[in-house]
Structure formats: C-alpha cells, structure tokens
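[1] 3D, please:
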Amino acid sequence: MGNPYGGVFSLRYFLLSHLSVEASVGYLVGYQTQRIAFAYVSYRRDVSTALSPINAGVNLEILPHSRFNPYVGIAGGVNYLVVRQDSEHVRSGLPLNHGELSLEVHRLLPTVIGKAGMDVRLNEFFGVGAAVLYSYCPATHYRIEIPGASRDEEIRLSQVLFTLGISVYY
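    Numbers count the residues shown, from 1 in each chain. As a prediction, this is how the structure comes out:
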C-alpha cells in the first residue's frame with residue numbers, strides 16, 4: 001500500500017466508568033511506483049490504494065477520571081479497499097493493447113484491531129491522545145493477465161499504526 005496517510009473519525013461513549021464503546025470511520029490513501037518484469041513484458045506501475053475502514057470496538061479505561069488515562073481495546077469491522085494500477089513505459093516482445101496492464105480492484109475485507117493508548121485531559125472540555133494499533137486484515141489476491149501469461153499479485157494490509165487525536169468532552 002505504500003505509506004498510507006489520511007484520517008479517521010471516532011466517537012467513544014462510556015458505558016461504565018472503566019468501559020467505553022467506540023465507532024470509527026476513515027479514509028486512508030497510499031501511493032507507490034514499482035518496476036515489474038514478467039513473461040515477455042517489463043514496465044513501470046503506478047499504484048494508488050484507497051482504504052476506508054469502518055470499525056466498532058470496546059476499550060478498557062485504566063484511569064478514566066484522571067488527567068492521564070491509559071487504555072487498551074479491541075475492535076472489529078471491515079476495510080473497503082480500492083486499488084488502481086496504471087502502467088507506463090511498457091516494453092513488450094508482443095503487441096499489447098493500451099491499458100491491458102492497468103486494472104482496478106475493489107474488495108471488502110474483515111479486520112480485527114488491538115490497541116493501546118493514552119488520553120491526556122488538557123482542561124474540562126479538551127484533551128489529546130495517542131495510540132498504537134495493530135490491524136490484522138487477511139491478504140487479498142488478484143491476477144494480471146496478458147496474452148500467453150498471467151501473474152498472481154497479493155496485497156497485505158496487516159500493519160502497525162500510530163495515531164494522534166483531539167478529544168472533546170461534554
């Protein structure tokens with residue numbers, strides 16, 4: 001996916017003083033350029049990836065009423081993945097149609113997230129927070145086909161993420 005960037009919007013509601021539920025939705029994008037050679041073709045491939053996570057989870061709030069509140073949580077949901085690949089500088093021993101190596105893939109993939117974080121209350125209404133997440137998502141596969149050859153590709157989305165956020169208390 002390259003180095004993803006984007007944003008996620010989350011709402012957290014305290015069911016009990018030490019237990020909260022959270023719902024989040026986001027949009028992340030990544031870009032990368034690859035040099036590919038297979039069969040009788042070599043080319044440069046520009047890959048753009050868009051990922052839209054939709055998740056819900058629960059958090060165990062360690063010190064919910066203090067200025068510094070560490071927490072751990074688990075969440076689950078889906079990732080809507082769109083991958084676009086455009087080929088440039090194609091060198092081929094056989095003629096290929098324009099765009100034959102380009103493709104667009106859409107997938108809906110399940111995800112499970114484990115996280116640990118810290119919220120810091122700045123005053124009665126605002127705070128900041130940081131969290132480290134491990135997001136597990138099964139790899140997805142697709143196939144590039146040209147006359148007389150094909151190649152299986154894999155995209156791995158499991159990764160460790162670091163997030164920063166602003167909290168509004170009401």
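[2] show me where pLDDT drops low in the chain?
    In the predicted model, the chain carries pLDDT under 70 at residues 1-2, 98.
[3] give me that answer again for 80
    Applying pLDDT under 80 to the chain flags the ranges 1-4, 88-91, 93-101, 170.
[4] at which residues are the strands of it located?
    5-16, 19-38, 41-61, 68-92, 103-121, 126-136, 140-146, 149-155, 159-168 (DSSP state E).
[5] deepest-packed of these, please.
    Neighbour counts (mean count of other CB atoms under 10 Å) averaged over each of these peak at strand 41-61, with a mean of 18. Backbone N, C-alpha and C define where each C-beta goes, glycine included.
[6] strand partners (parallel or antiparallel) of that strand?
    Here strand 41-61 is paired, per DSSP bridges, with strand 19-38 (antiparallel), strand 68-92 (antiparallel).
[7] I'd like the ones you listed as TSV, with distance to Phe125 appended.
    Shown next, in TSV, are those (distance: least, CB to CB, whole Å):
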stretch	distance to Phe125
strand 19-38	18
strand 68-92	15
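[8] quick one: which of these is nearest Tyr170?
    When the strands paired with strand 41-61 are compared by CB to CB, strand 19-38 sits nearest Tyr170, at 14.4 Å.
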